[in-house]
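*Asks:* kindly return the folded structure for what I paste below:
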Amino acid sequence: MDVHAPNQQAPAGQPAVLDHRDLGRDMRIFDTSPLVGPGLPLWLPAGAAVRYELEQYAREVALRTGCEPVYSPVLGKRSLFERSGHWAKFADDMFPPMSLGDGPDGDADPLVLRPANCPHHAQIYASEPRSYRDLPVRYSELAPMFRAERSGVLSGLSRVRQINLDDAHVFCRPDQVGAEVRTAVVAVLEVLDTLGIEVSYLRLSGRDGSDKWLGEPGQWAEAEEALRTVLDDVASPAGLPWHAEAGEAAFYGPKIDVQVLDARGHEETLATVQLDFNQPERFDLTYVAASGERERVVMIHRGTVGAMERMVAFLLERHGGRLPFWLAPVQVCLLPVRGSAGGTPADGDSDTDPVVEPLADELAADLRSRGLRVRVERDGSLGNRIRLARRRRDALLGVIGAREAASGELAVTDPASGVRASVPLAELGDRLAEAARRRVPRVAL
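*Replies:* Take a look at the predicted model:
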């Protein structure tokens with residue numbers, strides 16, 4: 001049933017939000033270069049670690065939900081995007097065409113950087129005949145696309161000129177739409193929950209009584225009813241409200257938008273499951289039905305993580321840089337000292353015990369062999385090293401001195417919660433690796 005969306009107000013007394021650009025600087029997530037150009041962030045090792053984990057998770061979910069990985073070029077002939085409709089609608093937001101002038105149509109049909117990935121995936125679907133028994137066909141790709149954003153609107157990772165998108169497209173029969181949309185929505189909700197993002201509500205964006213919509217009214221009505229059934233089946237049992245908004249659909253099909261609040265309490269759409277009647281029509285994407293007749297497929301745009309740049313910016317601000325353990329650029333920062341965690345040297349003393357140094361290196365190597373991201377911080381006083389680690393938002397701090405070496409334990413602190421514990425070295429690697437594998441937000445110490 002339709003319900004009203006909740007009041008989208010920021011929590012009273014909400015603390016000041018840390019801007020992702022400042023967090024990115026502190027954590028060394030990304031940087032920019034005037035030689036590379038604005039809106040083209042450079043992913044530094046710490047940011048690359050976060051992005052890598054998100055991409056791996058997106059790939060796993062795509063495979064688990066039946067998608068086949070594909071790769072496609074970032075360039076395409078202008079005629080491809082004229083055919084898809086992107087050129088007419090987005091030409092002002094696309095980079096200028098590149099004419100090679102080395103063929104009969106070089107100047108007449110130049111190459112352009114793609115503003116979307118769906119036309120390429122449509123051509124992959126069209127590469128061979130399809131039977132109704134072959135459907136659904138699902139393609140996924142972590143693919144870059146490009147927008148010629150004006151310099152005045154560029155901002156850190158949230159507004160960029162190259163967008164690296166977790167993108168998937170489903171080609172299915174009309175009777176398969178409900179099941180495919182349900183799979184997509186469930187996957188989105190799972191991923192957002194794992195990322196620690198609370199969903200405010202879901203929105204069914206449909207057509208109104210105007211004539212601006214592509215496709216027959218009966219086709220729309222059937223599709224919107226399938227989406228309503230999905231929302232009743234998925235959202236309502238999970239306690240998530242949803243409502244319908246007539247006239248908010250894209251001109252080429254209805255969609256389900258997943259609405260969240262950012263760190264400032266502002267509402268935004270973080271994921272969309274979009275039906276598309278336009279691309280199958282423009283590219284004549286069909287299948288052979290049981291009757292032997294050619295029939296038009298329905299295309300569904302879906303994804304889970306979405307744009308890597310936007311998601312990382314969102315997560316940094318939502319978590320204040322304290323990312324879930326499995327995403328943290330540095331999961332364990334080892335701090336070798338002379339003495340012990342409870343009896344450290346004077347603040348200016350940076351010497352370490354000759355027994356402790358090799359033990360710290362050995363422990364770091366063991367943790368890295370389990371796929372964990374480890375940093376050994378040696379230089380400077382213990383206090384200064386802890387401050388640096390906290391500024392980087394390292395997930396766990398492990399102080400190891402002579403006493404810890406003798407007892408076979410590591411003095412571990414979780415800066416996010418303030419919890420401290422002594423963890424046996426023999427258990428540490430397995431516990432942390434299991435926490436990372438399960439993608440838990442925090443490690444139980």
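
*Asks:* any idea whether the residue positioned nearest the centre of the chain is helix, strand or coil?
*Replies:* By Cα atoms, centre = their mean, the chain has its centre lying nearest to Val305, at 2.9 Å. Classification of Val305 using DSSP: H, G, I helix; E, B strand; the rest coil returns coil.

*Asks:* leaving out the residues flanking it, which one is nearest to Met308?
*Replies:* Asn164 (4.5 Å; Cβ to Cβ, 6 or more residues apart in numbering). Glycine gets a C-beta too; all of them are placed from N, C-alpha and C.

*Asks:* please enumerate the strands of the stretch 151-300 of the chain.
*Replies:* 162-172, 199-206, 242-246, 255-261, 267-276, 286-288, 294-296, 298-302 (DSSP state E, counting those that start in this stretch).

*Asks:* which strands or helices does the first one pack on?
*Replies:* Packing partners of strand 162-172 (3 or more Cβ pairs under 8 Å, 6 or more residues apart in numbering; DSSP states H and E): helix 45-64, helix 118-125, strand 137-146, helix 177-194, strand 298-302, helix 308-318.

*Asks:* quick one: the residue lying closest to Asp134 once chain neighbours are set aside and Asp276, what's the gap?
*Replies:* If you skip the residues right next to it in sequence, Asp134 has Tyr287 as its closest partner in space, 6.9 Å away by Cβ to Cβ, 6+ apart. Going from Tyr287 to Asp276 by Cβ to Cβ, to the nearest Å gives 16 Å.

*Asks:* the two: who's more crowded?
*Replies:* The neighbour count for Tyr287 versus Asp276, taken as other Cβ atoms under 10 Å, is higher for Asp276 (25 against 21).

*Asks:* neighbours around the residue nearest to that one when sequence neighbours are not counted, how many?
*Replies:* Nearest residue to Asp276, sequence neighbours excluded (Cβ to Cβ, 6+ apart): Met299, at 4.1 Å. Neighbours of Met299 under the rule other Cβ under 10 Å: 25.

*Asks:* can you pull the contacts of Met299?
*Replies:* 118, 122, 169-171, 275-277, 279-280, 285 (Cβ atoms under 8 Å, 6 or more residues apart in numbering).

*Asks:* including pLDDT and distance to Met27, could the residues you listed go into CSV?
*Replies:* Converted to CSV, those look like this (pLDDT from 0 to 100; distance: Cβ to Cβ, whole Å):
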residue, pLDDT, distance to Met27
Cys118, 96, 34
Ala122, 98, 39
His169, 98, 34
Val170, 98, 36
Phe171, 98, 40
Leu275, 95, 39
Asp276, 93, 38
Phe277, 90, 43
Gln279, 93, 39
Pro280, 95, 44
Leu285, 98, 44
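
*Asks:* tell me which two of these sit farthest apart.
*Replies:* Taking Cβ to Cβ, the two most distant members of the contacts of Met299 are Ala122 and Leu275; they sit 14.5 Å apart.

*Asks:* what's the distance between the closest residue in space to Arg438 that isn't next to it in sequence and Arg439?
*Replies:* Distances taken as Cβ to Cβ, 6+ apart place Trp326 nearest to Arg438, at 7.9 Å, with adjacent residues excluded. Using Cβ to Cβ, we find Trp326 at a distance of 4 Å from Arg439.

*Asks:* how long is stretch 369-378 from one end to the other?
*Replies:* 21 Å (Cα to Cα, to the nearest Å).

*Asks:* what does that stretch rub up against?
*Replies:* Contacts for stretch 369-378 (Cβ under 8 Å, 6+ apart): 49, 328-336, 350, 352, 357, 360-361, 364, 367-368, 385, 388-389, 394, 429-430, 432-433, 436.

*Asks:* buried ones from those, can you make that a PyMOL selection?
*Replies:* Selection of the buried residues among the contacts of stretch 369-378 in PyMOL, burial being defined by 16 or more other Cβ atoms under 10 Å:
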select buried, resi 49+328+329+330+331+332+333+334+335+336+350+352+360+364+367+385+389+394+429+432+433+436
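
*Asks:* out of the contacts of stretch 369-378, which are inside helices?
*Replies:* Among the contacts of stretch 369-378, the ones falling in helices (DSSP state H) are 49, 357, 360-361, 364, 367-368, 385, 388-389, 429-430, 432-433, 436.
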